[in-house]
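Peer 1: My questions are about this predicted structure, shown below with the sequence.
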Number of protein chains: 2
Amino acid sequence: MDAEEFRKRGKEMVDYIADYLSSIEKRRPLPDVEPGYIEELVRNEAPVEPDSWEDLMKDIEPIIMKGTTHWHNPNFHAYFPTGNSFPSNLGDMLSAALGCVGFTWASSPSCTELEVVVMNWLGKMLSLPPEFLFSPKGDGGGVILSSASEVTLTCLLAARAKFIRQIKGNNPNMQDGVIISKLISYTSDQAHSSVEKASLLGAVNMRILESDNTGAFRGDTLMKAIKADKAKGLVPFFVCATLGTTGCCAFDKLNELGPICEREGIWLHIDASYAGSSFICPEFRPLLDGVEYATSFNFSPHKWLQVNYDCSTVWVKDSRLLSKAFVVDPLFLKHEHEGFMPDYRHWHIPLGRRFRSLKIWFVLRLFGQKKLQELILKDVNLAKEFEKLVRADDRFEVTSEVTMGLVCFRFKGTNEKNEKLLKLINDDGRIHIVPATMKGTYYLRFVICAATTSIDHVVYAWNVIQEVVKNITTCDIQ
Amino acid sequence: MDAEEFRKRGKEMVDYIADYLSSIEKRRPLPDVEPGYIEELVRNEAPVEPDSWEDLMKDIEPIIMKGTTHWHNPNFHAYFPTGNSFPSNLGDMLSAALGCVGFTWASSPSCTELEVVVMNWLGKMLSLPPEFLFSPKGDGGGVILSSASEVTLTCLLAARAKFIRQIKGNNPNMQDGVIISKLISYTSDQAHSSVEKASLLGAVNMRILESDNTGAFRGDTLMKAIKADKAKGLVPFFVCATLGTTGCCAFDKLNELGPICEREGIWLHIDASYAGSSFICPEFRPLLDGVEYATSFNFSPHKWLQVNYDCSTVWVKDSRLLSKAFVVDPLFLKHEHEGFMPDYRHWHIPLGRRFRSLKIWFVLRLFGQKKLQELILKDVNLAKEFEKLVRADDRFEVTSEVTMGLVCFRFKGTNEKNEKLLKLINDDGRIHIVPATMKGTYYLRFVICAATTSIDHVVYAWNVIQEVVKNITTCDIQ
């Protein structure tokens, strides 16, 4: 395909995308296929001679769309949102076409420098303490990674490296593995599964502590665990607190956890993957109070800030904590401008990196801060509308406070009834939601996901649930 | 921006991209900017009210392009290639627009299923042993990750988990950290820096063994190290062999290393990130002989198979080795179809994943296998043409055998002279190359990178080098 054919096909693809996204509501959010559906639809081997563009495009609907979960259907209410906006897509098109791999400053200066710019822009939008921002005076700054999972692992590994260095300072002959076996990290039972996975991959012990009745991780719980572990000779080194947990959007108590971590010299990492976007609104910024205690702070613009997956951002007050953990430096990557701008390859696990700051830049400039705030507020208000509908029906209960775009609710009765209800809602196919449990109680999570979800879709979803409940209350759910 | 405006702006972006890529030769491959160049060109904060599309696009040339390294300029000969083709870009546009996060089969069945299809297609194109492919009878299969760095770390962590399980079987009270301190891994001094980084992040010891005179990692070197380490009570668990090293494109001796790993029960990982694409050509497939000994095999279609970054593929004979290392399983991700198709979230570090198989599918279908083979052969032949030019000039020497698209060469004389030569070539700005060292000898790496590089560009590059040498031989290089 040459540039002239690309002009033609690219424009056809733009139209296909515009058509797809503007008519997405006609599709089932969750497709009706069985595992292995694709096998009979595709060849066993790649073609030797090229297929035509027409042949390929003819296959998109029956092969790809047939089995696609439509995350941007306004009736999709599962997981947490993932961003998808036209400005973000346009920025990503340009990024793909530039196709530079920005592992050092020299390998594409704009890739590093625009990332520094947008990380400071975002940091200011969240009113992060200035120590987290790039400035000629400090060592702070931010970097774009793929996902909150990757961020948590990255920070845990950097914290581990810091403590290995510290302990080796006094015990130079102690082996790294032996030091690691003495380290202990903490999170709550409401933290995302990726936090536990990070400890597994980091080969460090992690204590998963009980959250309070609202799902929040409390200071006294942490302090008790630290005392017990220190008495056993263990070294507390890492705490992961969550602002906006996946299960019920609880907010861990930073103002309790923070001073403890500071006193004990523990790396405090904040995972605000979903809720973090809301802190651009003055109404929600108080939820971030206590961030000044954090060593590292993460949220994912790809969740709720109109940026396409993947794009998760993390800030640290002292970037040397990252680079000391990740630096390996061969000649072919050295360049004469080292030192002034960050060489981001030392900030994370991979070497290569895409030009992801472009899509953030497109989003921030083409939406503007005010519109991005309005979109967050719209979603929170819609969640509160759904909450009202649930509360108005005696058969249902709301199980957690509604702060962001998530409503946790359940049919009053056993877990089994709610499992049945969930299955019927998803089998019905008009909307899609997923469940969670807290303290043994199973409930349904209704999330405002698509940017286009409106009050009509909220009412529609509630009507679907009412219909499904009607059908089952007359048979086996009672 | 609504769908109608996107139609307009998307088409403008398609034209911008077509113009950019078809006139890229007019730009300097390496931009002429100093670190921090962007600061005075951008605002300190994101705009509150949106900027117009025109304002944004007006900034692309003076802010972004001004500091971009043009990897797809046919005069760019640095690092290794990274793919960028129109079919790949079109597949990626669709992937971004779908915007689904395929962490489970249910979160978007097409995302998992198409990945299974293209991983088998690619595996067959490389004639991988059938145990590496998905089949109803076996546990083999492949998965797309971001980069070879991520793949190496993933496989090293899975190997570590396997050995921890094994050793714990006999010593249930031994702590993981203590076991880890007894594990030892091996690679050669020509392996990519990410291999050493993987051992750092995995907190395991790694012995970096000396390669032979051609840069290859040999069996007797490995065997000697294993014997010595076992005598010290260490447990050899992981070997990373490279096919096509970064420095000089050496091929480690799989047929020597493989039987040793098999006999000793060591996980053999093969990193063929760059050269792997060439194995689709029957001429080069013999270089992969011995892959049957590998536990895991990796190459990066985003390097030399016309697929845009990021897209690195890895196959294992036993996927349970991955899933046992990476499984953490919360309720909100469970679905009723588990077990039949892979839940890729258990195969790697991150939870979320983009629909990257689409761009592979677009590339394989719109190029066809034959054309992809031709493009590999074109690059190898161009490298051989460059080699001839170097060999015809007595002042220069070729320092390694030319097998793929890389020519390692140097000006006969001191390292300092060659450092000076490199700096002058890159300051001149018409072409861009980077250096490497082997056994203390500094040399220049000339790589065929862009898909559009032709014999004219090879001759042009050599002429530039001749001119630069002429200028300096008359002054200070002698």
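Peer 2: Received the coordinates, thanks.
Peer 1: Show the contacting residues for residue A:443.
Peer 2: A:399, A:408-410, A:418, A:435-437 (CB atoms under 8 Å, 6 or more residues apart in numbering or on different chains). Where C-beta positions appear, they are placed from N, C-alpha and C, glycine not excepted.
Peer 1: The nearest residue to residue A:208 once chain neighbours are set aside and residue A:232, how far apart?
Peer 2: Using CB to CB, 6 or more residues apart in numbering or on different chains and skipping residues adjacent in sequence, the residue nearest residue A:208 is residue A:189, 5.4 Å away. From residue A:189 across to residue A:232, the span is 21 Å (CB to CB, to the nearest Å).
Peer 1: For these two, indicate the residue with more neighbours.
Peer 2: Comparing residue A:189 with residue A:232 by neighbour count (other CB atoms under 10 Å in any protein chain shown), the higher total belongs to residue A:189, at 15 against 8.
Peer 1: Look up how far chain B lies from that one.
Peer 2: For residue A:189, the distance to chain B (CB to the nearest CB, to the nearest Å) stands at 11 Å.
Peer 1: quick one, phi/psi of that residue?
Peer 2: The phi/psi pair for residue A:189 (degrees, to the nearest 10) reads phi -70, psi -10.
Peer 1: residues in contact with it?
Peer 2: Residue A:189 neighbours (CB under 8 Å, 6+ apart): A:208-211.
Peer 1: Of those residues, keep whichever come out buried.
Peer 2: A:208-209, A:211 (16 or more other CB atoms under 10 Å in any protein chain shown).
Peer 1: Low-confidence ranges, chain A, go.
Peer 2: Low-confidence segments of chain A, defined by pLDDT under 70, are located at A:329-339, A:473-478.
Peer 1: Give me the residue at the spatial middle of it.
Peer 2: residue A:273 (4.1 Å; CA atoms, centre = their mean).
Peer 1: and it, what does it touch?
Peer 2: A:80, A:148, A:192, A:244, A:298-300, A:303, A:312.
Peer 1: If we use 7 Å, what do you get?
Peer 2: By CB atoms under 7 Å, 6 or more residues apart in numbering or on different chains, the contact list for residue A:273 reads A:148, A:298-300, A:303, A:312.
Peer 1: now, among the buried ones among the contacts of residue A:189, which is nearest to chain B?
Peer 2: Nearest to chain B out of those is residue A:208 (CB to the nearest CB; 11.1 Å).
Peer 1: how deep is residue A:157 tucked in, by neighbour count?
Peer 2: 25.
Peer 1: Does the particular helix or strand that has it in it reach chain B?
Peer 2: Element membership of residue A:157 [criterion: DSSP states H and E] is helix A:148-170. Yes: remark: helix A:148-170 sits within contact range of chain B at A:149-150, A:153, A:157, by CB under 7 Å from any CB of the partner chain.
Peer 1: circling back to that earlier point, with secondary structure as extra columns, can I get the buried ones among the contacts of residue A:189 in JSON lines?
Peer 2: Listed next are these as JSON lines, based on DSSP: H, G, I helix; E, B strand; the rest coil:
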{"residue": "A:208", "secondary structure": "strand"}
{"residue": "A:209", "secondary structure": "strand"}
{"residue": "A:211", "secondary structure": "coil"}
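Peer 1: Make TSV out of these and add distance to residue B:84.
Peer 2: Shown next, in TSV, are the buried ones among the contacts of residue A:189 (distance: CB to CB, whole Å):
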residue	distance to residue B:84
A:208	44
A:209	48
A:211	47
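Peer 1: Endpoints of stretch A:95-105, how far apart?
Peer 2: 16 Å (CA to CA, to the nearest Å).
Peer 1: Residues contacting it, please?
Peer 2: A:107-108, A:111-112, A:333, A:335, A:337, A:341, A:343, A:345, A:351-356, A:358-359, B:17, B:20-21, B:35, B:68-69, B:71-72, B:82, B:84, B:89, B:92, B:308-309.
Peer 1: Just the buried residues out of these, in ChimeraX syntax.
Peer 2: Selecting the buried subset of these in ChimeraX, with 16+ other CB under 10 Å as the burial test, is done by:
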select /A:107,108,111,112,333,335,341,343,345,351,352,353,354,355,356,358,359 /B:17,20,21,35,68,69,71,72,82,84,89,92,308,309
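Peer 1: thinking again about what came up before, drop anything exposed from the contacts of residue A:443.
Peer 2: A:399, A:408-410, A:418, A:435-436.
Peer 1: Turn these into CSV, columns for secondary structure.
Peer 2: Below are the buried ones among the contacts of residue A:443 laid out as CSV (three-state DSSP):
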residue, secondary structure
A:399, coil
A:408, strand
A:409, strand
A:410, strand
A:418, helix
A:435, strand
A:436, strand
